[in-house]
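Asks: Just to be clear, the model below is a prediction. Sequence and coordinates:
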Amino acid sequence: MPVTSDSRGEAAGNRRRLHLAFEDPKAFVAEYARNLARGGAMIASDTPCEPREIVDVVVEVPFASAKLVLAAEVVHVGGGSVAVQLLDPAPALRERLEPLRERAEQLAAAAPGATSSRPAPRSAVEADAFLGDADDDALHFDGEAFDLDGPESEVQPNGFETTSQTEEGDPNERTYRARAERAPARVAAKVRGPTGKALRARTRDVSATGLLLTVEGEELPVGREVQVSIVHPTSGEQLTVPAKVVRHLEAGGVVGAVAVEIQSKALTQQVQSFVSEVQEADAKHRSAGIRGPLEELGGASLLQMFAALSKRGTLTVSHGVEEGVVVFEDGMLRIAQVGAVTGTKALARLLAWRDGFFEFRSHVDPVESDEPAQPMEGAILEALRILDEDMRLAGPLLSPGAKLEVERSKLAATGPPLGKTEQAVLELATAGFTVRRILDVIPENDAAIRSAIVALIERGLVRAS
């Protein structure tokens with residue numbers, strides 16, 4: 001069984017060391033198929049790690065007399081666990097891990113009463129967010145399991161269930177067994193809240209019990225009941241189910257995605273059948289896609305290259321907890337989205353990311369869009385112009401999760417009139433919006449909004465808290 005812990009090691013540069021040990025060959029085979037082959041790992045840890053911190057993951061495989069040290073980037077922290085993205089390129093990662101997987105499968109097959117192991121998927125240098133086909137008592141979200149029945153459950157927050165605990169050594173070292181199967185799938189979706197307004201969304205994974213969604217527009221609070229429509233990536237057929245928001249995927253004040261639990265028991269068979277079809281269709285597109293680290297080429301070069309080589313396509317880029325998508329067809333940009341932001345503002349934000357991972361598919365989902373199509377080349381140039389303006393105008397960066405406290409006593413003081421953007425910032429700050437939400441809601445580019453915030457701070461009208 002895998003054992004996870006953490007400590008400050010003597011690695012080069014004094015990087016934090018996170019440990020992932022496998023005592024059982026079957027556990028390694030399962031974890032390889034679930035996370036390691038996709039370039040990710042979920043590690044139990046009570047020691048705080050910072051998002052985007054570079055760490056060393058020590059993978060110990062005693063049954064193969066192997067111990068590997070893999071560099072990784074922290075992509076999510078919460079609930080007593082740390083999600084990391086392994087930084088080795090896909091070929092190097094396969095070269096190091098495949099022999100261990102083969103040895104583990106041999107030992108697992110030779111064990112008394114052994115059954116055949118599920119084959120490992122194709123490798124991808126990426127960390128997918130998963131929502132598993134969870135048991136009735138737990139919802140799996142981004143590799144985490146959250147108890148739905150209360151605090152008495154033995155389900156651990158990192159998506160594994162405790163089976164034993166070591167008597168000696170670090171108290172964080174525990175033995176786990178994997179719980180639910182998980183299947184990533186990126187397809188179009190819609191979400192309707194109590195107002196009936198339809199929000200465009202894309203799934204990060206799909207299961208018969210729930211979905212992990214990147215949603216455009218307003219933030220959906222935990223506990224909100226919604227209607228979710230999943231769009232079949234080939235036929236365009238839609239399945240609409242009642243659901244409830246149960247968790248946010250959040251880091252640094254940014255809600256990158258929401259997990260929803262499907263509520264209707266009566267639709268179980270229908271949902272299972274439709275989800276299986278969606279997963280199968282998405283897997284075909286995924287297997288024909290191209291994946292890799294963003295920093296090798298950069299967003300602008302990737303877009304220009306794929307637009308030149310393919311008549312149509314969907315580029316998905318992940319950066320920490322955030323995910324952006326660009327859809328083009330016949331040389332025209334159809335969709336650009338990063339969370340709640342769309343259009344060239346979203347495209348500029350995506351192109352500003354210097355690290356992360358991309359996936360390109362020469363396929364376009366059948367999805368509605370109210371964005372006017374525009375020439376791809378012109379959209380990229382406009383986004384790059386916005387980035388140049390950001391470099392020129394941007395003031396000090398404020399934490400995305402920071403809130404702006406309005407100094408009401410000074411609002412009536414005489415002084416230069418407020419600009420339109422400054423007035424909008426004041427109104428949203430009064431409503432309690434975070435800096436990130438202010439950036440998302442106001443249609444101006446991010447640099448202009450940050451400059452307005454700095455101007456208000458300098459005039460003493462607001463202060464960051």
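Replies: Sure, I can see it.

Asks: Not including adjacent chain positions, what is the nearest residue to the residue positioned nearest the centre of the chain?
Replies: Central residue of the chain (CA atoms, centre = their mean): V321, 4.0 Å from the mean position. Nearest non-adjacent residue to V321, counting by CB to CB, 6 or more residues apart in numbering: G256, 3.3 Å away. (C-beta placed from N, C-alpha, C; glycine too.)

Asks: for the protein, which spans come out with low pLDDT?
Replies: Scanning the chain for pLDDT under 70 picks out the ranges 1-13, 46-47, 78-80, 111-183, 252, 366-370, 393-397, 414.

Asks: on that earlier part again, direction included, what does the helix or strand where the residue nearest to V321 lies pair up with?
Replies: Using DSSP states H and E, G256 sits in strand 254-262. Paired neighbours of strand 254-262 in the sheet (DSSP bridges): strand 210-215 (antiparallel), strand 238-251 (antiparallel).

Asks: Other residues contacting that strand?
Replies: Contacts of strand 254-262 with the rest of the structure, by CB atoms under 8 Å, 6 or more residues apart in numbering, involve 129, 131, 139, 141-142, 148, 191, 204, 208-215, 219-220, 226, 228, 241-250, 271, 320-323, 339, 400-401, 436.

Asks: gap between that strand and the chain center?
Replies: Relative to its chain's centre, strand 254-262 lies at 10 Å (CA atoms, centre = their mean, to the nearest Å).

Asks: try stretch 250-262
Replies: Its chain's average C-alpha position is 8 Å from that of stretch 250-262, according to CA atoms, centre = their mean.

Asks: quick one on the thing from earlier: who wins for proximity to G331 among the strands paired with strand 254-262?
Replies: Between G331 and those, the shortest gap by CB to CB is with strand 210-215, which sits at 25.5 Å.

Asks: Following the closest one in sequence, what is the next regular element?
Replies: Using DSSP H and E, the helix or strand that follows strand 210-215 in sequence is strand 225-231.

Asks: ok, that next one: who's next to it in the sheet?
Replies: Partners of strand 225-231 in its sheet, by DSSP bridges: strand 188-192 (antiparallel), strand 238-251 (antiparallel).

Asks: Please identify the deepest-packed of those.
Replies: strand 188-192 (a mean of 22; mean count of other CB atoms under 10 Å).

Asks: continuing past that one, what's the next helix or strand?
Replies: With DSSP H and E setting the assignment, the helix or strand that follows strand 188-192 is strand 198-206.

Asks: Name the residues of that following strand that are buried.
Replies: Residues of strand 198-206 classed as buried: 199-206 (neighbour count, 16 or more other CB atoms under 10 Å).

Asks: Stretch 374-392 too?
Replies: 374, 376, 379-380, 382-384, 386-387, 390.

Asks: per-domain residue ranges of this protein.
Replies: Following automatic domain parsing, one gets these domains for the chain: 2-126, 188-287, 290-393, 404-464.

Asks: quick revisit: looking at the buried residues of strand 198-206, spot the one nearest P89.
Replies: Taking CB to CB as the measure, P89 lies nearest R204 of the buried residues of strand 198-206, at 22.9 Å.

Asks: thinking that closest one is in contact with T214, fair?
Replies: Yes: the criterion here is CB atoms under 8 Å, and R204 meets it with T214 at 6.5 Å.

Asks: Show residues contacting stretch 381-395.
Replies: Stretch 381-395 is contacted from outside by 300, 344-345, 347-348, 350-352, 445-448, 450-451, 453-454, using CB under 8 Å, 6+ apart.

Asks: Distance from stretch 263-270 to the middle of the chain?
Replies: Counting by CA atoms, centre = their mean, stretch 263-270 comes out at 27 Å from the chain centroid.

Asks: ugh, wrong one, I meant stretch 96-108
Replies: On the basis of CA atoms, centre = their mean, stretch 96-108 sits 29 Å off its chain's mean C-alpha point.

Asks: Same question for stretch 44-54.
Replies: Offset of stretch 44-54 from its chain centre (CA atoms, centre = their mean): 16 Å.

Asks: What's the end-to-end length of that stretch?
Replies: Distance across stretch 44-54, first residue to last, is 17 Å (CA to CA, to the nearest Å).

Asks: By neighbour count, which bits of it are buried? Give me those.
Replies: Those would be 44-45, 49, 51, 53, for stretch 44-54 by 16+ other CB under 10 Å.

Asks: Need those in CSV (columns: secondary structure and distance to T314).
Replies: Converted to CSV, these look like this (DSSP: H, G, I helix; E, B strand; the rest coil; distance: CB to CB, whole Å):
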residue, secondary structure, distance to T314
A44, strand, 34
S45, coil, 34
C49, coil, 32
P51, coil, 26
E53, coil, 30
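
Asks: Distance to S409 added to those residues, as a markdown table?
Replies: Putting those into a markdown table (distance: CB to CB, whole Å) gives the following:
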| residue | distance to S409 |
| --- | --- |
| A44 | 49 |
| S45 | 45 |
| C49 | 41 |
| P51 | 37 |
| E53 | 41 |
